[in-house]
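In: turn this into a model:
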Amino acid sequence: MSGFDDFATLGEGIQSHHPGRYWHVLDDGRIQCDICPRECKLKEGQRGLCFVRARHDDGIVLTTYGRSSGFCVDPIEKKPLNHFLPGTPVLSFGTAGCNLTCKFCQNWDLSNARDFDHLQAKAAPIMIAEAALKTGSRSVAYTYNDPTIFLEYAVDVAAACRERGLKNVAVTAGYINPEARTEFFGLMDAANVDLKAFAERFYQKLSTAHLQPVLDTLVYLVHETDVWVEITTLLIPGENDSDGELDEMTRWVVENLGPDVPMHFSAFHPDHKMMKTPPTPLATLIRARETAMRNGVRYAYIGNAHYPEGDSTYCLGCGTMLIGRDWYRLSTWNLTADGHCSACGAACAGVFDGPPGDWGRKRMPVRIGDRAR
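Out: Take a look at the predicted model:
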């Protein structure tokens, strides 16, 4: 366990009810939260579905500003991001709550948290940025629960990181309204967007949400920002793994986002409210990857399963293995410092900066500041 108690005093005075942005008053006196497409309409004292945005003193407040469920240094490949500073460590943190209600959530203990204040660490934005520097992290990831619901905290941390030369990474479901989306992603350098399925039925049944806002976020990120984007889809047997849906999804990605956006097909394991659903067979993941590549996706990967061939990156020009991966460990590196194939010179899409990192599969918990009270 690493400690950063020298930063503890910077956590003093953090407001538990931090003024929120993106809301307006309705004609009937309720206040509508405009962060995400749910647009929760609140009376005094009520909380939104995410539970962390609440109405207080005739405004919206964020109740988790400066409070984290924990900090950990992870490999960047775990986000997963395979084309963004490969092999480097990323300081990862989240808070609690979520604006989706996924029955298959694999972080449900955080996303569904209600009484969690006493479990959290207090950390001002500068504390997180300084801790990232001390641990040798190249970036900070906003993850574990969806960072869009703690936008005010995330953008303040991201600004502190930018000032210190650190990159910012969002791991998100992309369920956010356009105005808030512009501010949130304006400070992000990379994002892994969870495209849960390619059917409205799935989103309504298993997440009580809608597909189109997520597609809109993806199009916005790829065409209107400089954020590096990768996509993850958790394949759930019998729910979103049919040949037809995989074909339609991957065709949409190529036609609307382009062939260079990496796609990760990840294995489901029974969790939360779907304990009776079986794990995803490796054959399903392989089938999804092959469908994506057949439809023009240039970089398609398999996650949550041991299959090095499906987790490695290959040159589009000559077929050389550019980045070999075994779980989160880089086993092969055949790229120049600026991301070209060492054999034929063809470019590999992504964000590369010098030699690869050597963080490997390590996971290092980090303590920052005080426990919240």
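In: for stretch 133-142, C-alpha coordinates in CSV please.
Out: What follows is stretch 133-142, C-alpha atoms only, in CSV (Å, rounded to 0.1, in the frame of the first residue of the first chain):
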residue,chain,number,x,y,z
LEU,A,133,3.2,11.8,-10.8
LYS,A,134,4.7,10.1,-7.7
THR,A,135,3.6,6.7,-8.9
GLY,A,136,5.0,7.3,-12.4
SER,A,137,1.6,7.1,-14.0
ARG,A,138,1.4,8.6,-17.5
SER,A,139,-2.4,9.2,-17.2
VAL,A,140,-5.4,9.3,-14.8
ALA,A,141,-8.4,7.2,-15.5
TYR,A,142,-12.0,8.1,-14.4
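In: what about the helices in the stretch 251-373 of the chain?
Out: For the stretch 251-373 of the chain, the helices defined by DSSP state H, counting those that start in this stretch occupy 282-294, 308-311.
In: buried ones in the longest one?
Out: For helix 282-294, a neighbour-count test (16 or more other Cβ atoms under 10 Å) marks 284-289, 291-292 as buried. In this view, the C-beta of every residue, glycine as well, is placed from N, C-alpha and C.
In: give me the residues contacting it.
Out: Applying Cβ atoms under 8 Å, 6 or more residues apart in numbering, the set of residues contacting helix 282-294 from outside is 233, 235, 237, 241, 243, 246-247, 250, 253, 263, 265-267, 300-303, 305, 307, 310.
In: residue contacts, the nearest residue to Ala267 once chain neighbours are set aside?
Out: Take Ala267 and drop its neighbours on the chain: the residue closest to it by Cβ to Cβ, 6 or more residues apart in numbering is Asn304, 3.7 Å away. Applying Cβ under 8 Å, 6+ apart, we find Asn304 in contact with 266-269, 280.
In: about what we covered before: which stretch among the helices of the stretch 251-373 of the chain comes nearest Ala158?
Out: helix 308-311 (28.5 Å; Cβ to Cβ).
In: quick check: mean pLDDT of that closest one?
Out: Helix 308-311 shows a mean pLDDT of 95.
In: now that helix - C-alpha only, PDB.
Out: Only the C-alpha atoms of helix 308-311 are listed here, as PDB (Å, rounded to 0.1, in the frame of the first residue of the first chain):
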ATOM      1  CA  PRO A 308      -3.100 -13.900 -27.000                       C
ATOM      2  CA  GLU A 309      -3.700 -14.000 -30.700                       C
ATOM      3  CA  GLY A 310      -6.900 -12.100 -30.200                       C
ATOM      4  CA  ASP A 311      -5.300  -9.600 -27.800                       C
END
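In: distance from the chain centre to that helix, please.
Out: The chain centre lies 21 Å from the centre of helix 308-311; the measure is Cα atoms, centre = their mean, to the nearest Å.
In: check stretch 188-202 too.
Out: For stretch 188-202 - counting by Cα atoms, centre = their mean - the centre lies 10 Å from the chain centre.
In: please apply the same query to stretch 238-249.
Out: The answer for stretch 238-249 is 22 Å, by Cα atoms, centre = their mean.
In: list of residues touching that stretch?
Out: 195-199, 202, 206, 233, 235, 277, 280, 284, 287-288, 291-292, 295.
In: hang on, the earlier thing: for the helices of the stretch 251-373 of the chain, which one sits closest to Leu85?
Out: helix 308-311 (16.9 Å).
In: for the closest one, packing partners?
Out: helix 282-294, strand 300-303, strand 321-326 (3 or more Cβ pairs under 8 Å, 6 or more residues apart in numbering; DSSP states H and E).
In: what residues of that helix count as buried?
Out: For helix 308-311, by 16+ other Cβ under 10 Å, it's 310-311.
In: swap in stretch 353-366?
Out: 356-357, 359, 366.
In: and Gln212, how far is that from Asp271?
Out: Applying Cβ to Cβ, to the nearest Å, the value for Gln212 to Asp271 is 26 Å.
In: now stretch 348-362: mean pLDDT?
Out: Rounded mean pLDDT across stretch 348-362 is 95.
In: end to end, how far does that stretch reach?
Out: With Cα to Cα, to the nearest Å as the measure, stretch 348-362 spans 26 Å from end to end.
In: okay, and for the stretch 251-373 of the chain, where does confidence drop off?
Out: For the stretch 251-373 of the chain, the stretches flagged by pLDDT under 70 are 272, 369-373.
In: all helices for the stretch 101-250 of the chain, in order.
Out: Taking DSSP H, counting those that start in this stretch, the helices of the stretch 101-250 of the chain run over residues 108-111, 125-134, 151-163, 178-185, 200-207, 212-224, 243-256.
In: chain center to the longest one, what's the gap?
Out: Relative to its parent chain, helix 243-256 has a centroid offset of 21 Å by Cα atoms, centre = their mean.
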